[in-house]
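below is the sequence, then the predicted model.
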2 protein chains.
Amino acid sequence: MTPKSDKLKSNDLKNTKQRTAILNILEKNNQPVSAEDIYSVLKSQNLSVSLSTVYRTLETMAEKKLVTKLNMQDNSKTLFEINHEIHKHYLICLGCKKIISIMSCPLENYEKKLSEETGFLVEGHRLDIYGYCPECRENMSDENSTVN
Amino acid sequence: MTPKSDKLKSNDLKNTKQRTAILNILEKNNQPVSAEDIYSVLKSQNLSVSLSTVYRTLETMAEKKLVTKLNMQDNSKTLFEINHEIHKHYLICLGCKKIISIMSCPLENYEKKLSEETGFLVEGHRLDIYGYCPECRENMSDENSTVN
DNA sequence: TTAATTGCAAACACTTTGCACGCTA
DNA sequence: TAGCGTGCAAAGTGTTTGCAATTAA
């Protein structure tokens, strides 16, 4: 029994080729991906999985905490990534749209302070940092390079 | 000339009753509101403004930096608020969905550090904090109160 | 066997757009 | 009166759902 089927089984999910394939893709990506992204990869692999199955699978896996659902502020598609159970934040490049995970979190003490000051019971937070990655910075300083 | 028409004029926007009305609603609200919210208020005031005009106006005003566009992570409707030109963060109550602005920002030094460590040129960030407001905490401790 | 899972197409919610008319400057 | 702004209806996009057929356990 492969670790993948274990993962499914232990969450009361039947082990189907669709789910395994989707889980595979998520595990191979260290970047959050959209349902459509996954669907495209599956298609290119000639694995027939319908887009609605992709959505349903991702939703189910999110409920089971196998994956994490992310909505970026540009309100484009919802992104999904394997849940590594690690508190993370994201550096989002405004140039190439790359998303880089960062594991450090500057907010632990702040939350405590905030809670004391406002009476708000803090359950969690979402921090995304926007800017330009080193590669895009380089391209920017190159006056004549094309930017879309 | 009212301050409102000034605001529009100085941004090369014609002063129409629709825009004034929308700006009014935004200014009265210290909570971010959706296009639909604004549309409802307008309707209740018997001001005939179509929903598409509300969307178009908000979009235009966002371009002119008169309003700020917010997408919350639950991927519900886009919210808008008057741009106070103040760097803010939001406390979002998971109980009553209320959104509270906070003016302090714990991240200034962190951004600098991050930039040094990663080579990422930080342009900005988005921080939302989730939890329960004092009122909802109270309701929670009240075992028999109804929660939706 | 039988309940969970899937594919398909249709429905959905929110938002955007094309076009003819209206109104501001 | 020129052209920006508006209303309407229709189209778009991303996502969800109903249902009948399929498949894992």
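Cool, got the structure.

now residue A:20: which helix or strand?
Assessed by DSSP states H and E, residue A:20 sits inside helix A:17-28.

show me what that helix is packed up against.
helix A:3-9, helix A:35-44, helix A:51-63, strand A:79-82 (3 or more Cβ pairs under 8 Å, 6 or more residues apart in numbering or on different chains; DSSP states H and E). In this view, the C-beta of every residue, glycine as well, is placed from N, C-alpha and C.

would the helix or strand of chain A with the lowest mean pLDDT count as contacting DNA strand C?
The weakest-scoring helix or strand in chain A, judged by mean pLDDT, DSSP states H and E, is helix A:3-9 (a mean of 79). No - in terms of Cβ under 7 Å from any atom of the strand, no part of helix A:3-9 sits within range of DNA strand C; the closest distance is 7.8 Å.

elements contacting that helix?
helix A:17-28.

close to DNA strand C, is the helix it packs on?
Yes - Helix A:17-28 is in contact with DNA strand C by Cβ under 7 Å from any atom of the strand, via A:18-19.

what is the mean pLDDT for that helix?
When pLDDT is averaged along helix A:17-28, the result is 96.

from the chain's centroid, how far away is that helix?
Relative to the centre of its chain, helix A:17-28 is centred 14 Å away, using Cα atoms, centre = their mean, to the nearest Å.

could you tell me the angle between it and helix A:35-44?
Between the axes of helix A:17-28 and helix A:35-44, defined by axes from the mean of the first three to the mean of the last three Cα atoms, to 10 degrees, the angle is 110 degrees.

which residues does the helix holding residue A:20 contact?
Helix A:17-28 is contacted by residues A:4-5, A:7-8, A:13, A:33, A:38, A:41-42, A:45, A:47, A:49, A:53-54, A:57-58, A:61, A:66-67, A:80-82 when judged by Cβ atoms under 8 Å, 6 or more residues apart in numbering or on different chains.

out of these, which are buried?
A:5, A:7-8, A:13, A:33, A:38, A:41-42, A:49, A:53-54, A:57-58, A:61, A:66-67, A:80-82 (16 or more other Cβ atoms under 10 Å in any protein chain shown).

buried residues in the longest strand seen in chain A?
Counting residues, the longest strand found in chain A (DSSP state E) is strand A:121-132. Of the residues in strand A:121-132, A:121-122, A:125-132 count as buried by neighbour count, 16+ other Cβ under 10 Å.

confirm that residue A:75 sits in a strand.
No - Residue A:75: not assigned to a strand; according to DSSP: H, G, I helix; E, B strand; the rest coil it is coil.

and it, how close does it get to residue B:88?
19 Å (Cβ to Cβ, to the nearest Å).

picking that back up, rank the helices and strands packed on helix A:17-28 by mean pLDDT and give me the bottom one.
helix A:3-9 (a mean of 79).

thanks again, I'm all set now.
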